Structures are given as C-alpha cells and as structure tokens.
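In: below: sequence and its predicted model.
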There are 2 protein chains.
Amino acid sequence: MRTILLIDDEQRMLDLIELFLIPHGFKCIKETSGKKALGILKKEKVSLVLLDIMMPEMDGWEVCEKIREFSDVPVIMLTARTDKLDLVKGLESGADDYITKPFDERELSARVNALLRRFPKEEKETEMIIYGDFRLDKETYSLQYRDLKVPLTLKEFFIVEALISRPTKTYTREQLLHAAWDYNTYTDIRTVDSHIRNLRDKLKTTGFPIDEFLKTVWGIGYKWS
Amino acid sequence: MRTILLIDDEQRMLDLIELFLIPHGFKCIKETSGKKALGILKKEKVSLVLLDIMMPEMDGWEVCEKIREFSDVPVIMLTARTDKLDLVKGLESGADDYITKPFDERELSARVNALLRRFPKEEKETEMIIYGDFRLDKETYSLQYRDLKVPLTLKEFFIVEALISRPTKTYTREQLLHAAWDYNTYTDIRTVDSHIRNLRDKLKTTGFPIDEFLKTVWGIGYKWS
DNA sequence: TACAATCATGACAGATTTGTGACTGCATAG
DNA sequence: CTATGCAGTCACAAATCTGTCATGATTGTA
C-alpha cells in the first residue's frame, strides 16, 4: 500500500483529506508542522506529499523547496486561492501539481493517481500468481519453483493457472476443460489426463517435487495442494 | 532541445501556442489531426504532448488513450471548459496535467517545465537501450553486439525495441503489431513473422548469435532472453 | 479377495502453429 | 525509367503441440 504524507495546519482538513483517500487504498500520515513533516519524509517511505500553502511558521513554498533539497517525491500543493501567480510559484518551487480548494474527491484521487503512475516502483503482482514456493508467470508463460523454471505450453499453463489460483479446491475434468479450452469444445474429457501427464513428466524431469502438489482426487479430478 | 507535439484542430491555436513556447526554448511540431499525431509520436523524439480535448473525428481523451497504449510521454490536456468532470476524465485517460483556456504564458511554461523536470535524462536514456552486450541505438536505428553493428529497418527496430526493453517477456504478435505499427493497422498478423525472419537473416549473416536471444514461444509469440 | 470403476502411460494420428521461399506493390534515389 | 530496398501476402513444408486409443495399473467396495 502506498503512503501519502498530508501537511496542513488545520487538523480538520487533515482528517477530511484522509477520509477521502482511505477508500482509494492509501495510507495517510498527517502532520500540522512543515518542519516535523520534513523529518518524517526522511524516515518513512512516502509515495506522495499533499502540501497546503497557507501555513504559519513555514509556508508551503518553503516546505516544498526544502523537500526538493533531498527528495524527488511527488508533491501536490493545496490552496484556497485561485490566483495563477500562486500556481506558477508553486510549480517553480518544485511542486508537481496544484489543487485549489474546495476540491472534490474525484479530482483529488485522479490527480494523485496521475502522479503516482509516474512512479511505478512497486512490483506488479497481477502478472504473477504466487503460491508457496511456486510462481506462475503470465509474462513468460512459465512455472517457477525456487530456482527451477519451466516454460509451459498454453494448455498446460491454463490448467496450472486454474489449479494453483485456488489451491486445495478439487477441479473436475469438465471444469479444467472450461478453464483451458473454449466452452463448447468437443474435446474428449480424457484429454485432460494427457496434459496432466505431460505436466508431471515435464516438471519431474526438471526436478520439481510435483507429486507433492499436483494430486489426483479419485473419482472427481485433480487439485493443487 | 526538447520537442513538444501540439495537437489542436485550430491552426490559429497551434500557431499561438508555438509563439508562447519558442521563447522558452522548445521546438514544436504542430498537428491538426489526432490520427496523424499518433504516427508522428512513433517516429519523432517528442518530450511532451499538448493535446486539445475538443476536436472533430477523434477527441482528446481518445487520442490520449491511444497514446498510452504505446508511450509514456507526458501529456497535458487543453480545454476551454472548467468542468471538473472533464478534468477527472482527462487524468483517467492517462493525461498528466490539465490546463484550461484561456491560459497565460507563465502558467503554460510553468506546467510544461514541472512535468519535464520528471524526465531529466529521458532523452539520453531512450536513445540507447542497453541489454547485456546489446545496444539499440535510436539515433541510427541500429543494433550493436560487441563490435558488430547492424542498421535496422523501421519495423525491425520497433520490434527489437519492444522485445529488448522487457527481456524474458513473451510478446504476442498482436502486441508487437501495436508496438511497431499504427494502432489501427489492418496488417496481417503473420507479417510479424516476416520481419522476425528478416531480422534473423540479417543478424545471422552479420555474425550475431541471434538464435540464443530472439526466441519463438510456440503458441504465443516471441521473446528476447 | 474379487470385481468394477477409474486413472496413468505409451504410442500414434491429427491439428495447429511457425519457418521459409517466392512473389507483389510501393516509395525513393539515381 | 530503372534499380534498389522495404513492407506485406501467400502457400507449402517443418516443427511442435494436442487429442485419441489401447493397455495395464491402481483404487474403492462388496
């Protein structure tokens, strides 16, 4: 989960923004002092900063400049004013974007997401199903167990994908047919057995302890466990 | 010098924006058709796109989405309206920022510079992709392996660029078509095979150990590994 | 234990996908 | 105009994956 640092002197505003952001899957750190916020930035992993301009002691532009002395974290400025001079001053002090209050939830989340798209530091896990020591990689159509990696054929891949994405569930041959073949295929149900065999062969010769994981459920079908 | 691609259906607006940008040290390419602009983006080195929303034929959101299918170039949307729904829609279709007309010169240059700050060495990095002993040179459209250097045709170049920029990932022919051709091409899918063959021939006769790197993934497509 | 149902396995045929050569069209340069 | 090189299409051969069948092994049950 990505963390956003909120800096505003009004506690009410901090709470409000947090309420906006939480449903969109962000964690928030709230801070009323610009000075303390700089300290937090150095210690915590922060993905983005939302920074109010009108603050006592140290204003938003100053905070932003200090941040830029040591960090490239994306910064969005918040202000009540709509003056374009403010805007230019904000961007020149190193901010990446600028939102005028009052803003609505969609604008906030859209701007936050637009900026975060630029920093895809987190691993994409959607292309990879991980179960125990196994990884099923959709980019390379291969199955990995610790250091061993084996490319799969299409049918093998779809079968493993079905099985491994719901471990311990027993799939009937029918269900595996539907997972790997078109719905209205006239393929013999026993063909599934063939592919299961090919899989076992291929994985065993590569050194996978596959018999411990890919199991036959007598009278029903197969499962991964 | 950084190049900015301007897309607007009104020639007057294109000329006006160009007048704004030239004093700030930018080179401009002006285009009134979204479709043609996509073609330009694939061929030219463009650092940033300024995209009008209200256009006949293909509107700005659509153009932006098409751009995002093959490029991460920063995009700023232009519109006469101040509706926040527009704003959200723009950011969601992949834009990075949003300027409402009429805008002034300072705002335009501030926003452009804020975005470009995010891509400081972009130009140099994208001119040369290095993977292992291979170098793909965007300046001369050629591929180098140790001392051997071979010029590539455009299509060959785009195919290699896609493959080599994400080694081990298996690309389908569809994906390679999108990477190397205009998005709405009616080119036969097997044409990809032809270019792959030409590549292999060309590289093999020059002495590249290409078979070890450019691999066929049966039933899916091709990969670099 | 004996029997019936179910599964694993090997061999092979069939289907699909890919590689390759030959050809056309197009644009460009000389 | 002609020559050249690139892009795209087609047809057929080659490679590889998929599906079927027969047979023997395994499992559950009476």
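Out: Looks like it arrived, so ask away.
In: residues near A:Val46, how many?
Out: 20 (other C-beta atoms under 10 Å in any protein chain shown). All C-beta atoms are positioned from the backbone trio N, CA, C, and that covers glycine.
In: mind listing what it touches?
Out: Contacts for A:Val46 were tallied using C-beta atoms under 8 Å, 6 or more residues apart in numbering or on different chains; they are A:3-5, A:29, A:40, A:73.
In: list the residues that contact A:Trp61.
Out: A:53, A:89-90, A:93.
In: A:Arg173: how many residues sit nearby?
Out: Count around A:Arg173 with other C-beta under 10 Å applied: 17.
In: confirm A:Leu6 sits in a helix?
Out: No - the assignment for A:Leu6, made by DSSP: H, G, I helix; E, B strand; the rest coil, is strand rather than a helix.
In: contacts only, for the residue of chain A found nearest DNA strand C.
Out: Nearest residue of chain A to DNA strand C, counting by C-beta to the nearest atom of the strand: A:Thr216, 3.5 Å away. Counting by C-beta under 8 Å, 6+ apart, A:Thr216 makes contact with A:Tyr222.
In: tell me the SS of it?
Out: Per three-state DSSP, A:Thr216 ends up strand.
In: in the sheet, who's paired with it?
Out: A:Tyr222 (DSSP bridges).
In: same deal with A:Lys30?
Out: A:Leu6.
In: re earlier: just the pLDDT at the residue of chain A closest to DNA strand C, thanks.
Out: pLDDT for A:Thr216: 91.
In: how about the helices in chain A?
Out: A:11-21, A:34-43, A:60-70, A:84-92, A:105-116, A:154-165, A:173-180, A:191-206 (DSSP state H).
In: circling back to that earlier point, quick one: buried ones out of the contacts of A:Val46?
Out: Buried by 16 or more other C-beta atoms under 10 Å in any protein chain shown: A:4-5, A:29, A:40, A:73, out of the contacts of A:Val46.
In: for those, give me TSV that also has distance to chain B.
Out: Output for the buried ones among the contacts of A:Val46, formatted as TSV (distance: C-beta to the nearest C-beta, whole Å):
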residue	distance to chain B
A:Ile4	16
A:Leu5	19
A:Ile29	23
A:Ile40	23
A:Val73	12
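In: the contacts of A:Trp61, buried ones only, as a PyMOL selection?
Out: Buried subset of these, written as a PyMOL selection, criterion 16+ other C-beta under 10 Å:
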select buried, chain A and resi 53+89+90+93
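In: measure stretch A:213-223 end to end?
Out: Stretch A:213-223 has an end-to-end distance of 8 Å (C-alpha to C-alpha, to the nearest Å).
In: and that stretch, what's buried?
Out: Buried-residue list, stretch A:213-223, by 16+ other C-beta under 10 Å: A:213-214, A:221-223.
In: before we move on, back to that, output the buried ones among the contacts of A:Val46 as CSV; include the columns pLDDT and distance to B:Asp201.
Out: What follows is the buried ones among the contacts of A:Val46, written out as CSV (pLDDT from 0 to 100; distance: C-beta to C-beta, whole Å):
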residue, pLDDT, distance to B:Asp201
A:Ile4, 90, 53
A:Leu5, 92, 55
A:Ile29, 89, 58
A:Ile40, 83, 59
A:Val73, 86, 49
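In: out of those residues, who's near DNA strand D?
Out: Filtering the buried ones among the contacts of A:Val46 for neighbours of DNA strand D using C-beta under 7 Å from any atom of the strand leaves an empty set.
In: domains for chain A, by residue range?
Out: A:2-116, A:128-224 (automatic domain parsing).
In: state the distance from A:Met55 to A:Glu62.
Out: According to C-beta to C-beta, to the nearest Å, A:Met55 and A:Glu62 sit 9 Å apart.
In: no no, A:Leu136
Out: 50 Å.
In: out of these two, which sits in the busier spot?
Out: A:Leu136 (21 against 14).
In: what about the closest residue to that one other than its chain neighbours, neighbour count?
Out: Excluding the flanking residues, the one nearest A:Leu136 by C-beta to C-beta, 6 or more residues apart in numbering or on different chains is A:Ile129, at 4.3 Å. A:Ile129: 16 surrounding residues under other C-beta under 10 Å.
In: show the contacting residues for A:Ile129.
Out: So A:Ile129 contacts A:135-136, A:138, A:161, A:164-165 (C-beta under 8 Å, 6+ apart).
In: make it 7 Å
Out: A:136, A:161, A:164-165 (C-beta atoms under 7 Å, 6 or more residues apart in numbering or on different chains).
In: show me which of these are buried.
Out: Buried, going by 16+ other C-beta under 10 Å: A:136, A:161, A:164, out of the contacts of A:Ile129.
In: now pLDDT and distance to B:Glu44 too, for those residues, in a markdown table please.
Out: Output for these, formatted as a markdown table (pLDDT from 0 to 100; distance: C-beta to C-beta, whole Å):
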| residue | pLDDT | distance to B:Glu44 |
| --- | --- | --- |
| A:Leu136 | 89 | 40 |
| A:Glu161 | 89 | 41 |
| A:Ile164 | 90 | 45 |
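In: using JSON lines, please lay out the helices of chain A together with distance to B:Pro151.
Out: Below are the helices of chain A laid out as JSON lines (distance: least, C-beta to C-beta, whole Å):
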{"stretch": "helix A:11-21", "distance to B:Pro151": "51"}
{"stretch": "helix A:34-43", "distance to B:Pro151": "48"}
{"stretch": "helix A:60-70", "distance to B:Pro151": "42"}
{"stretch": "helix A:84-92", "distance to B:Pro151": "42"}
{"stretch": "helix A:105-116", "distance to B:Pro151": "38"}
{"stretch": "helix A:154-165", "distance to B:Pro151": "36"}
{"stretch": "helix A:173-180", "distance to B:Pro151": "43"}
{"stretch": "helix A:191-206", "distance to B:Pro151": "40"}
